[in-house]
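In: sharing a sequence plus its predicted fold:
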Amino acid sequence: MSSKKKYWYDYMWIFSLVYLLLGLFNILFAWLGMICFLVPLIISITGGGKAYCNKYCGRGQLLDLLGHKLKFSRNKSIPKFIRSKWFRYGFLTFFMTMFSLMIFNTYMVLSGAKGLKKVITLLWTWKLPWNWVNTSMVSPAIAQFAFGFFSIMVTSTILGIITMLLYKPRSWCVYCPMGTMTQGICKLKNMS
């Protein structure tokens, strides 16, 4: 019986799980999610290709754990339309639009034009009050960014879990905006 040697990065799924749990108790931990946003871009820009997606992505590992090891996935083929270029780039465009709106809302709070909204928005639709969180130790703009960013991270995790349940465990990876961006960076670098 051969067992694959484990490395520190094989446990990044724990980071993803802890991140989501910490955000429930203190929304300011949402800022840690920027690691998952910036590191893949830095790796691909500096010549590491899609190493983040293939090796370090805690969300992908978590979905793999839930789908393969815990057998929550139906393990069905991913529909062609989800794998299509128009869907992946369309989802990236939508995702970046939502990210831009989150930045705009943060700016509006920073400028004083809007007040802090202590809500998490799931699937860009349902607003859940997050009133138990004490954000008085930071500026309202820093807290607003945390609420918005955590909404995006929870929403994308929910989408990943839904597609993991319906299709293959790492179906999310097919249309993940970060994966699409790093793939685009790799293509641009190969052209030069």
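Out: Looks like it came in fine. Residues are numbered from 1 along each chain as shown.
In: use CA for all of it now, contacts and neighbours both
Out: OK.
In: element containing the residue most central in space within the chain?
Out: In the chain, the C-alpha closest to the average C-alpha coordinate belongs to residue 153, at a distance of 4.5 Å (CA atoms, centre = their mean). Per DSSP states H and E, residue 153 falls inside helix 140-166.
In: send over stretch 149-160 as CSV, restricted to the C-alpha atoms.
Out: Taking Å, rounded to 0.1, in the frame of the first residue of the first chain, the C-alpha atoms of stretch 149-160 are listed here in CSV:
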residue,chain,number,x,y,z
PHE,A,149,-15.5,40.8,0.8
PHE,A,150,-16.9,38.1,3.2
SER,A,151,-20.1,38.2,1.2
ILE,A,152,-18.2,37.4,-2.0
MET,A,153,-16.1,34.7,-0.3
VAL,A,154,-19.2,33.0,1.2
THR,A,155,-21.2,33.3,-2.0
SER,A,156,-18.4,31.7,-4.1
THR,A,157,-18.0,28.9,-1.5
ILE,A,158,-21.7,28.2,-1.7
LEU,A,159,-21.5,28.1,-5.5
GLY,A,160,-18.5,25.7,-5.2
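In: quick one: mean pLDDT over that stretch.
Out: Taken as a whole, stretch 149-160 has an average pLDDT of 96.
In: which positions within that stretch qualify as buried?
Out: Neighbour-count burial for stretch 149-160 flags 149, 150, 151, 152, 153, 154, 155, 156, 157, 159, 160 (criterion: 16 or more other CA atoms under 10 Å).
In: how near is the last one to residue 64?
Out: Right, residue 160. For residue 160, the distance to residue 64 (CA to CA, to the nearest Å) stands at 10 Å.
In: quickly list what's touching both of the two.
Out: Residues touching both residue 160 and residue 64 (CA atoms under 8 Å, 6 or more residues apart in numbering) are residue 170.
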